[in-house]
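>>> sequence below, structure please.
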Amino acid sequence: MTINDDVYSKTLKHRALLTLYEKRLDTEISKILASHKIRLQRKVLNIGTENINKLNRSINMEIRKTYKTIYKEGIKELNKLAGVSARFYKNLFNNSLFNIYKAKGVNDKIKVNDLIIKSNGTFASQITSINILQQRKIKGIVKLGMIDNKAAINIAKDVGKIGLSLSSVQLQTLTRTAITETSSYVANQTYKLNDDVIKGYQYVATLDSRTSLICSRLDGKVYSLNNNIAPKPPQHFNCRSTTVPIIKSINELSNIKNNRLQKRKLANLSNSRRASINGQVPAKTTYPEWLKTQSNDVKIAILGNKKRVDIFNTGKLKLSQFSNKQGVLLSIEELEKLSN
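Now for the predicted structure:
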């Protein structure tokens, strides 16, 4: 195996494990929204619709407070992720080059805030947009309920059933995109810090039923580091693509003019290790093919539980069949029907 094949596999594994952050954030936000739903319904029941101005003020205050909590929770997890990614990419270059290179890395205490998540509007601004949309949505539900002369208890049910459905999906999309953007930012900054040993990167899409046409067309393409207009993830909302750095050949490394690479140790590497530093783009492996070679722990992180992994390991179903076009994993029962 060449070192670029090894880097490819390790980078895809890191990207795969980001699903753990997705699940963690999804779970935390779901808990916050569940409590939020109860409080909203209680306000409709307790205040009623006779004093609509008071009810609207109370609802708006509750929504703003909830989204402030969601923002803080999101930033906290993204900061953790940035630190994990910073350590991963720095160690990736140190270890891949047999510890004869002293890699530079992004400070693992980096704070994301709104400095990174900005390509589609800052994380804070998008949270605010979802906040405002929910206020309008619920205000409309209450107004329509009054026009239809519905009882307060029925309006409260509508608020809980309809009022939060869209915002829940929007928040999930935002946090997943932010996770990709955070990791991508750290990766790109680390590439720049180590451009003496990296000559470019390969764009790798997570090829399954959720992959967009944008990323499918970019998958496998290689770009130089000095190409300022080269595409980088995320290319769209819900993007889960990544980039894999391409390390230079041993001849190119021999011409580096700095002390970060120990030339004497480079010259004394065994023939097999020297041959592995060929500077070539790693052999093309699709995401499903790569996943087949991984441990069950990695597969569980991606597919959710051991039962899905067992079904995947049988080889009866393609990875694309494990989720629908919206990215929702199918139930065990649905998968078992497909595999029979």
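>>> from now on I want contacts and neighbour counts done on CA atoms only, so please keep to that.
Fine.
>>> quick one, helices of the stretch 51-200 of the chain?
In the stretch 51-200 of the chain, the helices defined using DSSP state H, counting those that start in this stretch lie at 52-96, 123-147, 152-161, 165-193.
>>> most tightly surrounded among the ones you listed?
helix 165-193 (a mean of 20; mean count of other CA atoms under 10 Å).
>>> distance from that one to the middle of the chain?
5 Å (CA atoms, centre = their mean, to the nearest Å).
>>> packing partners of that helix?
With contacts taken as 3 or more CA pairs under 8 Å, 6 or more residues apart in numbering; DSSP states H and E, helix 165-193 sits against helix 3-47, helix 52-96, helix 123-147, strand 242-247.
>>> now the helices of the stretch 51-200 of the chain in CSV, with mean pLDDT?
CSV is the format used below for these (pLDDT from 0 to 100):
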stretch, mean pLDDT
helix 52-96, 92
helix 123-147, 90
helix 152-161, 89
helix 165-193, 89
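>>> let me have those helices in JSON lines, extended by distance to Ile302.
Listed next are the helices of the stretch 51-200 of the chain as JSON lines, based on distance: least, CA to CA, whole Å:
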{"stretch": "helix 52-96", "distance to Ile302": "17"}
{"stretch": "helix 123-147", "distance to Ile302": "25"}
{"stretch": "helix 152-161", "distance to Ile302": "29"}
{"stretch": "helix 165-193", "distance to Ile302": "14"}
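>>> so which of these comes closest to Leu317?
Nearest to Leu317, of all the helices of the stretch 51-200 of the chain, is helix 165-193, at 25.6 Å by CA to CA.
>>> and the closest one with helix 3-47, angle?
Put simply, helix 165-193 runs at 150 degrees to helix 3-47, going by axes from the mean of the first three to the mean of the last three CA atoms, to 10 degrees.
>>> got the angle for helix 165-193 vs strand 242-247?
Going by the same axes, to 10 degrees, helix 165-193 makes 10 degrees with strand 242-247.
>>> quick one on the thing from earlier: closest to Glu289 out of the helices and strands packed on helix 165-193?
Per CA to CA, nearest to Glu289 of the helices and strands packed on helix 165-193: helix 3-47, 11.2 Å.
>>> ok so, going back, Val281: which of the helices of the stretch 51-200 of the chain is closest?
helix 52-96 (14.8 Å).
>>> surely Leu78 touches Thr182?
Yes - using CA atoms under 8 Å, Leu78 makes contact with Thr182 at a distance of 7.0 Å.
>>> okay, and the common contacts of these two?
Common contacts of Leu78 and Thr182 (CA atoms under 8 Å, 6 or more residues apart in numbering): Val112.
>>> so what pLDDT did Ala216 get?
Actually, residue 216 is Ser. It isn't Ala. Looking at Ser216, its pLDDT stands at 71.
>>> show the pLDDT at the closest residue to it other than its chain neighbours.
Using CA to CA, 6 or more residues apart in numbering and skipping the chain neighbours, the partner closest in space to Ser216 is Ala205 (6.3 Å). For Ala205, the pLDDT comes out at 81.
>>> what distance do you get for Ala205 to Asn238?
12 Å (CA to CA, to the nearest Å).
>>> just Asn258 next, same as before
From Asn258 over to Asn238 (counting by CA to CA), the distance is 40 Å.
>>> which one of the two has more residues nearby?
Asn238 (21 against 9; other CA atoms under 10 Å).
>>> I'd assumed Asp219 was in contact with the residue nearest to Ser216.
Yes - between Ala205 and Asp219 there is a contact under CA under 8 Å: 5.2 Å.
>>> can you pick out the residue with more neighbours from these two?
Ala205 (24 against 20).
>>> ok, that one to Gly140 distance?
40 Å.
>>> equivalent analysis for Tyr191, please.
49 Å.
>>> contacts only, for Ile63.
36, 131, 134-135.
>>> all strands of the stretch 201-340 of the chain, in order?
For the stretch 201-340 of the chain, the strands defined by DSSP state E, counting those that start in this stretch cover 222-224, 242-247.
>>> with Thr69 as the reference, name the closest of those strands.
Distance to Thr69, taken as CA to CA, is lowest for strand 242-247 among the strands of the stretch 201-340 of the chain, at 29.1 Å.
>>> which non-adjacent residue is nearest Gln126?
Leu174 (7.8 Å).
>>> pretty sure the one you found is touching Pro234, no?
No - judged on CA under 8 Å, Leu174 makes no contact with Pro234 at a distance of 11.4 Å.
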